[in-house]
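Q: Fold the following, please.
(3 chains)
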Amino acid sequence: MPHTSTPAPARTLQRMLRAAPWYAGLDDDERVRVECDVSERLVAGGAFVARRGGRVDHWMGVVEGLLKMSNVSPEGKLATFAGMPDGAWFGEGTLLKNEARRYDVIALRDTRVACMPRTTFEWLLERSIPFNRFLLDHLNERLGQFIAMVEYDRLLDPDARVARCLGSMVHPLLYPGNGDSLRIGQEELGNLAGVSRQRVNQALQRLENEGLLSIEYGGIRIVELEGLRRFGS
DNA sequence: TCATTAAATTGTT
DNA sequence: AACAATTTAATGA
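A: As a prediction, this is how the structure comes out:
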């Protein structure tokens, strides 16, 4: 590493938008409107970004931080659907169906959230084919994750749960910009995978020994993405 | 640039 | 849950 290393570019809202996979396909008018309409909100760690049952009037994306999409059943059972790292977008399903939100979104640490107004979202939906294409890919990917979840989740041992949790948060096409490394601590990973931090540590060491990832301070570097997604099956 | 310190995170029991 | 070890970030000379 050269000692003249340039400081990592700040995770600004504008930078995040321009790196978004759907942004590249927009025309100039669309880009101008998007950059004008999208605002940024800071959510403290532990706080709700949006609540189940609440009205949905924004399509949201993670500029910087970490979110958890989850639900609590009437019996008090916690179900986490997805972890959302930098560059992840969510809420399109509820926007398209125009119904109340079906899940809670909670910040696992201080997180900056990009908010695109419903009107802008619908405007893009009406006129941009690349935007529609992105939504299609995005929904399809999400569907695949949910199918895998109902198929295996209850049967998986902790190692596999951690592996799949990581695999679901890395997507070179839908969430670019993270490269092959994920900034997530072992405690946060435990919250997402539903296992203790100690067990996360144990799982990560096994996964590292099998050559699927490498453990870094404050994060994980993905080595074999497909191996992580397949792990345990 | 280097040393010191505090804070965060990891590894182990 | 508690503890020790490690890494990073911040501070000031």
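
Q: what comes up buried for the one helix or strand in chain A whose mean pLDDT sits lowest?
A: When the helices and strands of chain A are scored by mean pLDDT, DSSP states H and E, strand A:78-84 comes last with a mean of 89. Of the residues in strand A:78-84, A:80, A:81, A:82, A:83, A:84 count as buried by neighbour count, 16 or more other C-beta atoms under 10 Å. For every residue, glycine as well, the C-beta is placed using N, CA and C.

Q: Could you check how far the residue lying closest to the third one once chain neighbours are set aside is from DNA strand C?
A: With C-beta to C-beta, 6 or more residues apart in numbering as the criterion, residue A:82 has its nearest non-adjacent residue at 4.6 Å, and that residue is residue A:69. Residue A:69 sits 25 Å away from DNA strand C when distances are taken as C-beta to the nearest atom of the strand, to the nearest Å.

Q: Please name the residues that touch residue A:69.
A: By C-beta atoms under 8 Å, 6 or more residues apart in numbering, the contact list for residue A:69 reads A:80, A:81, A:82, A:83, A:84, A:90, A:103, A:104, A:105.

Q: Can you give me every residue that contacts the first one?
A: Same thing as residue A:80. A:68, A:69, A:70, A:191, A:192, A:193, A:194.

Q: between those residues, which is nearest DNA strand C?
A: Taking C-beta to the nearest atom of the strand as the measure, DNA strand C lies nearest residue A:191 of the contacts of residue A:80, at 13.7 Å.

Q: Leaving out chain neighbours, which residue sits closest to that closest one?
A: Closest to residue A:191 by C-beta to C-beta, 6+ apart is residue A:108, at 6.0 Å.

Q: Now distance to DNA strand B too, for the contacts of residue A:69, in TSV please.
A: Formatted as TSV, the contacts of residue A:69 follow (distance: C-beta to the nearest atom of the strand, whole Å):
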residue	distance to DNA strand B
A:80	18
A:81	23
A:82	20
A:83	15
A:84	17
A:90	23
A:103	25
A:104	23
A:105	21
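
Q: Most proximal residue of chain A with respect to DNA strand C?
A: Closest point on chain A to DNA strand C, by C-beta to the nearest atom of the strand, is residue A:217, at 3.7 Å.

Q: give me every residue that touches that residue.
A: Listed by C-beta under 8 Å, 6+ apart, residue A:217 has no contact partners.

Q: Could you check the pLDDT of it?
A: Note on residue A:217: pLDDT of 97.

Q: where does it fall, phi/psi-wise?
A: When quoted as degrees, to the nearest 10, the phi and psi of residue A:217 stand at phi -70, psi 120.
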